[in-house]
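Colleague: Predicted model follows, preceded by the sequence.
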Amino acid sequence: MMLTRWMSSAESTPESSYLETLNSEQREAVEHGIGAGEQAGPLLIIAGAGTGKTATLAHRVVRLIEAGADPFRILLLTFSRRAADEMKRRAECIAVRALGEGAAASLAWAGTFHAIGARLLREHADQLGLDLSFSILDREDSADLMGVIRHDLGLSSTKERFPTARTCLEIYSRVVNAQLPLAEVLKDTFPWCASWGNELRRLFAGYVEAKQAQMVLDYDDLLLHWAQAMEDPDLAAEIRDRFDYVLVDEYQDTNRLQATILTGLKPDGRGLTVVGDDAQAIYSFRASCVRNILDFPTLFSPPATVLTLARNYRSTKPILMAANAVIDLAPERFTKQLWSERASEQKPRLVTVRDEIEQARYVADRVLEDREAGVPLKQQAILFRTSSHSGHLEVELTRRAIPYVKFGGLKFLDSAHVKDVLAVLRWAENPRDRLAGFRVLQLLPGVGPAHSRRVLDEMAAALMPIAALAGAKPPAAAAAAWPDLTALMRALRDRDLPWPAELDAIQHWYGPHLERIHEDAEIRSADLVQLAQIATGSLSRSDFLTDLTLGPPEATGDYAGPPLLDDDYLNLSTIHSAKGREFRSVHVINVVDGCIPSDLCTGSTAEIEEERRLLHVAMTRAKDELHLVMPHRFYTHAQMKRGDRHIHAPRTRFIPNAIVGLFERSAWSSATATAGSSTSAAQTRVDVGAKARAMWN
Ligand SMILES: Nc1ncnc2c1ncn2[C@@H]1O[C@H](COP(=O)(O)OP(=O)(O)OP(=O)(O)O)[C@@H](O)[C@H]1O
């Protein structure tokens with residue numbers, strides 16, 4: 001899209017009509033510091049759920065441009081790629097409205113911290129001693145690499161069990177992102193690993209060395225190296241000089257390392273705007289730190305201006321009152337009471353069902369009822385704390401042929417066949433990427449880990465790795481397939497095919513292997529068709545790999561076969577993945593202690609508080625209808641077939657008796673539902689208490 005630089009501030013009209021749709025609080029945030037003759041001081045916008053944070057940030061971007069800012073020098077940092085795309089789209093629409101057709105704000109620097117980090121590191125690779133063609137490992141690959149080093153150092157065969165590769169990666173990642181010493185992270189977050197401090201240090205040193213030898217960066221490196229670049233005065237000045245304005249969305253979910261990067265970019269806070277909601281901080285497991293937002297104002301001198309958005313445009317009053325009540329019980333936060341003008345008689349419902357099977361039936365019934373009443377499936381969502389909570393529901397939906405897409409949980413890109421194809425691309429991009437090579441080589445019949453390692457060692461030692469691959473001696477079973485692989489790699493390396501045609505070549509090569517390896521090859525190849533389609537959106541192989549690694553598509557395609565995008569489908573989502581979204585009708589399932597809060601959290605106050613915020617986030621996704629469903633009992637897994645062991649689950653502690661009156665309570669069972677009625681708690685059928693008392697009177 002064409003870049004237009006708007007009128008200078010002298011020409012701009014603060015009363016521009018495109019700002020009229022904003023309320024006065026939003027307007028104040030949009031106008032902050034504009035026209036003051038110097039760059040605006042630091043600004044923190046505390047924006048409660050549904051208060052128009054995206055709209056406000058998008059308008060501020062356009063207003064800055066209108067006042068003379070250069071769109072190329074605005075850095076917009078968001079939490080997900082979807083949020084970046086949405087923000088760009090909104091800003092462009094507003095720009096057109098503000099300045100007429102033909103006007104456009106092309107935001108060249110909008111993306112996640114990781115994506116922007118990757119781009120800056122590539123642009124400054126020389127100065128940072130990085131190889132320009134570095135590839136990026138996703139979390140799975142990083143854990144695999146950690147596993148390889150763990151094994152090589154003999155840590156997989158220690159007498160007492162050494163932490164798993166995944167736990168080691170989590171520890172490593174927390175040290176990097178929270179910028180804390182290893183000993184402190186072990187003591188506070190991984191106390192059961194505390195005795196392994198020395199071994200972990202050795203492991204992490206090996207992991208870092210392996211990444212450097214293979215010219216790969218993991219997600220954490222994208223931030224770490226960016227922060228390190230900001231420590232060099234000249235380089236920091238160069239990077240700082242690229243951006244006049246830095247705007248950050250979802251600031252409550254940034255971690256210490258990201259905060260360091262921001263203060264490096266804007267040491268006095270001038271030109272810096274951050275938006276967030278401390279009540280929606282839900283990513284501490286990724287070392288995000290709610291203190292970042294609570295402490296932001298005092299980071300600068302003079303301190304940042306704090307503006308609050310409290311008018312919620314999304315939810316009805318009763319939904320908002322209940323969501324406010326849940327978060328009001330949190331001990332520390334910026335105080336704000338969300339309010340709404342959307343009147344409704346309907347309180348959110350708190351529904352008890354016998355077990356998860358009944359819960360699935362209840363939800364499926366309600367979803368169909370809502371659809372009959374004119375609410376499309378796409379406007380409905382079922383939310384849960386953990387991906388595995390939706391098992392029963394997925395079965396019930398499939399049984400009733402209700403199409404759905406699941407967000408969170410097993411992702412499209414985590415499926416083996418998609419990873420295989422991407423590994424070929426990554427290996428072609430960087431033949432020293434051992435993990436990619438390790439995966440690709442083992443697709444061939446008869447090639448195992450030992451043989452792959454040998455070939456990769458030969459390639460690592462050679463000046464021309466692909467020639468070394470061609471010259472390597474394959475095991476007998478792979479002899480026939482070897483020339484095809486080397487021919488493919490050579491073609492990809494030499495860029496014989498234009499992008500994205502090379503993906504077709506890979507699929508052509510991969511087809512027979514897919515059929516040999518997987519029984520359900522046909523279903524899996526549909527995902528590969530989808531992958532090829534996604535590839536058309538990127539300009540080059542390297543862009544495609546970077547885009548996918550940093551912002552993967554979220555829908556599961558592994559088993560369900562994703563519905564076409566224009567079909568109507570129900571949204572199933574973890575609460576984390578529903579962040580930033582809204583639906584006319586929302587069901588939150590398993591609203592019981594043990595699920596929310598999850599019994600997986602260790603019970604520290606900070607963790608419990610985060611679970612409270614999760615429930616708040618879930619509730620505030622609803623516009624018109626909100627159902628919180630509570631199965632009364634859960635079957636336990638470790639028992640004989642047809643066993644009937646179960647545990648009783650109490651209502652979540654986040655809805656204590658003091659606030660339960662804000663909900664309409666009812667009990668539901670499929671037996672009474674088919675008889676055409678549900679039992680309301682208020683209309684008890686058999687008052688067993690009275691009967692029992694009567695026995696003794
Ligand atoms: N000034 C306004 N007038 C009317 N509607 C508005 C206004 N501002 C925002 N909205 C509407 O309110 C809803 C919520 O806005 P948005 O999605 O930007 O909220 P948000 O603050 O990002 O929410 P959350 O943090 O919960 O994800 C949207 O449907 C949006 O169109």
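Modeller: The structure has been received and is ready for your questions. Residues are numbered from 1 along each chain as shown.
Colleague: Spell out which parts of the chain neighbour the ligand.
Modeller: The chain comes close to the ligand at residues 21-23, 26, 47, 49-55, 277, 313-314, 580, 620, as judged by CB under 6 Å from any ligand atom. From N, CA and C alone the C-beta is placed, and that goes for glycine too.
Colleague: among those residues, which ones are buried?
Modeller: 22, 26, 47, 49-55, 277, 314, 580, 620 (16 or more other CB atoms under 10 Å).
Colleague: Take the residues you listed and keep only those in helices.
Modeller: Q26, K53, T54, A55 (DSSP state H).
Colleague: Least confident of those residues?
Modeller: Ranked by pLDDT, those bottom out at T54, which has 87.
Colleague: longest strand anywhere in the chain?
Modeller: strand 622-631 (DSSP state E).
Colleague: Which of the buried ones among the residues of the chain next to the ligand sits closest to P181?
Modeller: Nearest to P181 out of these is D277 (CB to CB; 30.4 Å).
Colleague: ok, the closest one to F296 distance?
Modeller: Distance, D277 to F296, by CB to CB, to the nearest Å: 13 Å.
Colleague: Please apply the same query to V62.
Modeller: 24 Å.
Colleague: Kindly report the same for A183.
Modeller: 28 Å.
Colleague: For the stretch 201-350 of the chain, just list every one of the helices.
Modeller: Here the stretch 201-350 of the chain has its helices, by DSSP state H, counting those that start in this stretch, at 219-229, 233-240, 256-265, 290-295, 317-328.
Colleague: Ok, which of those comes nearest D593?
Modeller: D593 sits nearest to helix 317-328 of all these, at 14.2 Å, using CB to CB.
Colleague: Dump the closest one to CSV, keeping only the CA atoms.
Modeller: These are the backbone C-alpha positions of helix 317-328, laid out as CSV (Å, rounded to 0.1, in the frame of the first residue of the first chain):
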residue,chain,number,x,y,z
LYS,A,317,-24.5,-4.6,32.4
PRO,A,318,-25.2,-7.8,34.3
ILE,A,319,-22.3,-9.6,32.6
LEU,A,320,-20.0,-6.7,33.5
MET,A,321,-21.1,-6.5,37.1
ALA,A,322,-20.3,-10.2,37.6
ALA,A,323,-16.9,-9.8,35.8
ASN,A,324,-16.1,-6.7,37.9
ALA,A,325,-17.1,-8.6,41.1
VAL,A,326,-14.7,-11.4,40.3
ILE,A,327,-11.7,-9.1,39.7
ASP,A,328,-12.6,-6.8,42.6
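Colleague: For that helix, what does the pLDDT average out to?
Modeller: Average pLDDT, helix 317-328: 94.
Colleague: Tell me which other helices or strands it touches.
Modeller: Using 3 or more CB pairs under 8 Å, 6 or more residues apart in numbering; DSSP states H and E, the elements in contact with helix 317-328 are helix 605-619, strand 622-631, helix 657-660.
Colleague: can we see that at 6 Å?
Modeller: With contacts taken as 3 or more CB pairs under 6 Å, 6 or more residues apart in numbering; DSSP states H and E, helix 317-328 sits against helix 605-619.
Colleague: how far is the helix it packs on from where the chain is centred?
Modeller: Counting by CA atoms, centre = their mean, to the nearest Å, helix 605-619 is centred 17 Å from the centre of its parent chain.
Colleague: Tell me the predicted confidence for A578.
Modeller: 90.
Colleague: I figured it was touching A622, is that so?
Modeller: No - at 10.4 Å, A578 does not count as touching A622 under the criterion of CB atoms under 6 Å.
Colleague: Give me the distance between E345 and the ligand.
Modeller: 22 Å (CB to the nearest ligand atom, to the nearest Å).
Colleague: so how many other residues sit close to the residue nearest to that residue when sequence neighbours are not counted?
Modeller: Residue nearest to E345 in three dimensions, not counting chain neighbours: P318, with 7.9 Å by CB to CB, 6 or more residues apart in numbering. Using other CB atoms under 10 Å, P318 is surrounded by 20 other residues.
Colleague: Kindly report the same for the one 4 residues further on.
Modeller: As a burial measure, A322 scores 25 neighbours (other CB under 10 Å).
Colleague: swap in G437?
Modeller: If you count neighbours by other CB under 10 Å, G437 ends up with 26.
Colleague: Point out the other helices and strands that the helix or strand where it lies packs with.
Modeller: Following DSSP states H and E, one finds G437 within helix 434-441. For helix 434-441, the helices and strands in contact under the criterion 3+ CB pairs under 6 Å, 6+ apart are helix 139-152, helix 416-429, helix 449-461.
Colleague: which residues sit in contact with the closest residue to the ligand within the chain?
Modeller: At 2.7 Å from the ligand, G52 is the closest residue in the chain, using CB to the nearest ligand atom. Listed by CB atoms under 6 Å, 6 or more residues apart in numbering, the contact set of G52 reads Q26.
Colleague: Tell me the confidence at it?
Modeller: For G52, the model assigns a pLDDT of 92.
Colleague: Equivalent analysis for G603, please.
Modeller: 67.
Colleague: what do you get for R400?
Modeller: 83.
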